[in-house]
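Participant: Provided below for reference: sequence and predicted model.
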Amino acid sequence: MDRLSSIAGRLISEHSLTTEEYAFLIENRTPEITELLKEAAVRLRKEIYGNAVFTRGLIEISNICRNDCLYCGIRKSNRNCDRYRLSREDILLCADEGYTLGFRTFVMQGGEDPYFTDDVLEDLVREIKRRHPDCAVTLSMGERSRESYERLYAAGADRYLLRHETADPDHYRKLHPPAMSYEHRMHCLAELKDIGYQVGCGMMVGSPYQTVRNLAQDLKFIETFKPDMCGIGPFIPHKDTPFRAEPAGTLELTCFLLSVIRLIHPPVLLPATTALGTIHPLGREKGIQAGANVVMPNLSPVSVRKKYELYDNKICTGDESAQCRGCLNLRMESIGYELVTDRGDIRKEGF
Ligand code: 5AD
Ligand code: FES
């Protein structure tokens, strides 16, 4: 057997490869191997989750951010970004509406906005949990102190999403300003896990300066960290960032990596991201068909949707929450999957 087939076979049977082997697999992938891994990934996901695709309602609570990540449309240097912050009432209304639409997980995501102190966030988490005790609350609010993460966990937050962005310190420095560090990012992820959160990491595919080796390092990190969730989507340039002229990541490589990640960590919750739906009209469907099992429709008020623009041409910015819900229902049904509304906790038994 050639090296490629033997590596692919071992990924399927052992769920683990060396960093060099991951790099070889990415570099030398063929349509046949891609198909083989995709089928194995889908089979594995079916064994664990059946035809279920989980939904998480995304509430984009603020686009004010103290950070200046070079790839991101809401970076603080972007003077063209029309800033907003949702009020307590707005956020609670989004959650109430989401609940009525059947959502049982709410993701509060935002820039690192100093307004959202521990007191403010704690109150929000408590109030959502009080109104909707059967729901999971996920936070995606960036890097905070351990004390802060602990307080929010004690207030009832169940999950935290913090993409690692890249598992290579040198690559990390090329994507972020000097004030941010790879070490601190990884430290936050370790603390979140230690505190007891279900944790999501992740990276962009095709971000500027990313090499095949960098992606292999990401895969090795995912293999060892074993996140409960892993958000991966293509990099898409934003016109008001230093990376405006960089090419976007591809559907093909993103889907390939979704299959590989499913095989590395079978129970992982893997979203078919909005970015994937942005680079191709059927991107999210193809993501699910490659091994993803989560979609995250937008519950933010339509009045602010266009303002939470991390990258150009983001989809769903003109649609009401109910439209997104209905749209995704149809899209998932069209490929033989069922959008389920329960909390969709990770199934760890046996893994
Ligand atoms: N293209 C794709 N994804 C992006 N993100 C930020 N900017 C972009 C972009 N230009 C991703 C980052 C971040 C998440 C919220 O969105 O990975 O962690
Ligand atoms: Fe938002 Fe289709 S998911 S319109």
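Facilitator: Received it, and whenever you're ready, just let me know what you need. Numbers count the residues shown, from 1 in each chain. Ligands and ions are numbered 1, 2, ... in the order given.
Participant: burial measure for residue 90, as a count.
Facilitator: By other C-beta atoms under 10 Å, 17 other residues sit near residue 90. In this view, the C-beta of every residue, glycine as well, is placed from N, C-alpha and C.
Participant: any part of the helix or strand harbouring it near ligand 2?
Facilitator: Secondary structure from DSSP states H and E places residue 90 in helix 88-100. No: using C-beta under 6 Å from any ligand atom, helix 88-100 stays clear of ligand 2, coming no nearer than 13.4 Å.
Participant: ranges for the helices of the stretch 151-300 of the chain?
Facilitator: Assigned by DSSP state H, counting those that start in this stretch, the helices in the stretch 151-300 of the chain fall at 169-175, 182-195, 212-225, 251-264, 274-279, 283-290.
Participant: gap between the residue in the stretch 151-300 of the chain that ligand 1 sits nearest to and residue 190?
Facilitator: Residue nearest to ligand 1 within the stretch 151-300 of the chain (C-beta to the nearest ligand atom): residue 163, separated by 3.7 Å. Residue 163 is 15 Å from residue 190, where distance means C-beta to C-beta, to the nearest Å.
Participant: so for those two, which sits in the more crowded spot?
Facilitator: When neighbours are counted by other C-beta under 10 Å, residue 163 and residue 190 differ, and residue 163 comes out ahead with 19 against 13.
Participant: how about that one: what's its closest non-neighbour residue?
Facilitator: residue 202 (4.1 Å; C-beta to C-beta, 6 or more residues apart in numbering).
Participant: again, but for residue 308
Facilitator: Leaving out its chain neighbours, the residue that sits closest to residue 308 by C-beta to C-beta, 6+ apart is residue 60, at 4.1 Å.
Participant: can I take it that the one you found is in a strand?
Facilitator: Yes: counting by DSSP: H, G, I helix; E, B strand; the rest coil, residue 60 is found in a strand.
Participant: what's the neighbour count on residue 239?
Facilitator: A count of nearby residues for residue 239, using other C-beta under 10 Å, gives 14.
Participant: test my guess that it contacts residue 309.
Facilitator: No: assessed by C-beta atoms under 8 Å, residue 239 is found out of contact with residue 309, at 9.4 Å.
Participant: can you get me a residue count around the residue nearest to residue 308?
Facilitator: Around residue 60 there are 24 residues (other C-beta under 10 Å).
Participant: same thing with the one 3 residues further on?
Facilitator: Residue 63 is surrounded by 22 other residues when neighbours are defined as other C-beta under 10 Å.
Participant: try residue 47
Facilitator: Neighbour count of residue 47, defined by other C-beta under 10 Å: 9.
Participant: so it belongs to a helix, correct?
Facilitator: Yes: assessed by three-state DSSP, residue 47 belongs to a helix.
Participant: per-residue confidence for it?
Facilitator: pLDDT for residue 47: 97.
Participant: same check, this time on residue 180
Facilitator: Looking at residue 180, its pLDDT stands at 98.
Participant: was I right to think it contacts residue 66?
Facilitator: No: using C-beta under 8 Å, residue 180 is not in contact with residue 66, being 10.3 Å away.
Participant: so between these two, which is more surrounded?
Facilitator: Remark: of residue 180 and residue 66, residue 180 carries more neighbours, 16 against 12, as counted by other C-beta under 10 Å.
Participant: ok, and the closest non-adjacent residue to that one?
Facilitator: Distances taken as C-beta to C-beta, 6+ apart put residue 67 closest to residue 180, at 6.4 Å, once the chain neighbours are dropped.
Participant: what count of nearby residues applies to that neighbour?
Facilitator: Using other C-beta under 10 Å, residue 67 has 17 neighbouring residues.
Participant: what of residue 181?
Facilitator: Residues near residue 181, counting by other C-beta under 10 Å: 14.
Participant: can I assume it is in contact with residue 188?
Facilitator: No: assessed by C-beta under 8 Å, residue 181 is found out of contact with residue 188, at 10.5 Å.
Participant: ok, the most centrally placed residue in the chain - contacts?
Facilitator: Centroid-nearest residue in the chain, with C-alpha atoms, centre = their mean: residue 231, separated by 2.6 Å. Counting by C-beta atoms under 8 Å, 6 or more residues apart in numbering, residue 231 makes contact with 161, 163, 200-202, 271, 273.
Participant: let's have the residues you listed in a markdown table, adding pLDDT and distance to residue 95.
Facilitator: Below are the contacts of residue 231 laid out as a markdown table (pLDDT from 0 to 100; distance: C-beta to C-beta, whole Å):
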| residue | pLDDT | distance to residue 95 |
| --- | --- | --- |
| 161 | 98 | 17 |
| 163 | 98 | 23 |
| 200 | 98 | 19 |
| 201 | 98 | 25 |
| 202 | 98 | 24 |
| 271 | 98 | 19 |
| 273 | 98 | 21 |
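Participant: quick check: residues of the protein near ligand 1?
Facilitator: So the chain meets ligand 1 at 71-72, 163, 165, 204, 233, 235-236, 238, 275, 310-311 (C-beta under 6 Å from any ligand atom).
Participant: regarding the chain, what is its longest strand?
Facilitator: The strand that spans the most residues within the chain, counting by DSSP state E, is strand 198-205.
Participant: show me the shaky parts of the stretch 201-350 of the chain.
Facilitator: Within the stretch 201-350 of the chain, the segments meeting pLDDT under 70 span 349-350.
Participant: fine, thanks again, bye for now.
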